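Participant: Here is a sequence together with a model predicted from it:
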Amino acid sequence: MSDELHAQGMAVRRAVLGAAHVERAAAAATEFSAPWQEFITRHAWGGVWAREGLDLRTRSVITLTALTALGREHEIAMHVRAALRNGLTPAEIAELLIHTSLYAGVPTANAAFAIAQQVLQEQDGAATDCARDTGAG
């Protein structure tokens, strides 16, 4: 596989998940898990997320829908943060989860709402803390 695919994957991964998240994942990689990090960077981020057919915002909608439908709760918080970074509003995330509940079930959407609410509260707290630090109000 090309180094270009890996480089493109790292660029998209950083843009979607944030550089700090990607650096933590890389730093936590072990001899056992390093091949997995390489695989997802090349294939998920470089091979799929970086494709031209859909913008990152749309990919976030699809990803949150799929994660909710499949009950992959351990991934939802990370992708709520990514969705916000990719331009979705909290109201749009709520609508996405409500819509998904019709097709994937109320329990899965209920769990996703709880996770999304926690992330949004954390984001609001971080924004408030930044405003205090800079003197902005």
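Facilitator: Everything's here; your move. Predicted model, so just to flag it, every value in this text is computed and none were measured.
Participant: Would you mark the buried spots in stretch 105-117?
Facilitator: 108, 109, 111, 112, 113, 115, 116 (16 or more other CB atoms under 10 Å). All C-beta atoms are positioned from the backbone trio N, CA, C, and that covers glycine.
Participant: I'd like these written out as CSV, with secondary structure and distance to residue 27 added.
Facilitator: As requested, the buried residues of stretch 105-117 are exported to CSV (DSSP: H, G, I helix; E, B strand; the rest coil; distance: CB to CB, whole Å):
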residue, secondary structure, distance to residue 27
108, helix, 32
109, helix, 34
111, helix, 29
112, helix, 28
113, helix, 32
115, helix, 24
116, helix, 27
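Participant: What is the nearest of those to residue 87?
Facilitator: Residue 87 lies nearest to residue 116 out of the buried residues of stretch 105-117, by CB to CB, at 15.7 Å.
Participant: quick one: average confidence on stretch 120-137?
Facilitator: On average, the pLDDT along stretch 120-137 is 66.
Participant: how near is residue 16 to residue 44?
Facilitator: 10 Å (CB to CB, to the nearest Å).
Participant: same check, this time on residue 17
Facilitator: Counting by CB to CB, the gap from residue 17 to residue 44 is 11 Å.
Participant: Neighbour count for the two, which is higher?
Facilitator: In this view residue 17 and residue 44 are compared by other CB atoms under 10 Å, and residue 17 has more residues nearby, 19 against 14.
Participant: Which residue lies nearest the spatial centre of the chain?
Facilitator: Centroid-nearest residue in the chain, with CA atoms, centre = their mean: residue 79, separated by 2.3 Å.
Participant: shouldn't that residue be in contact with residue 65?
Facilitator: No. Using CB atoms under 8 Å, residue 79 and residue 65 do not qualify as a contacting pair, with a distance of 10.0 Å.
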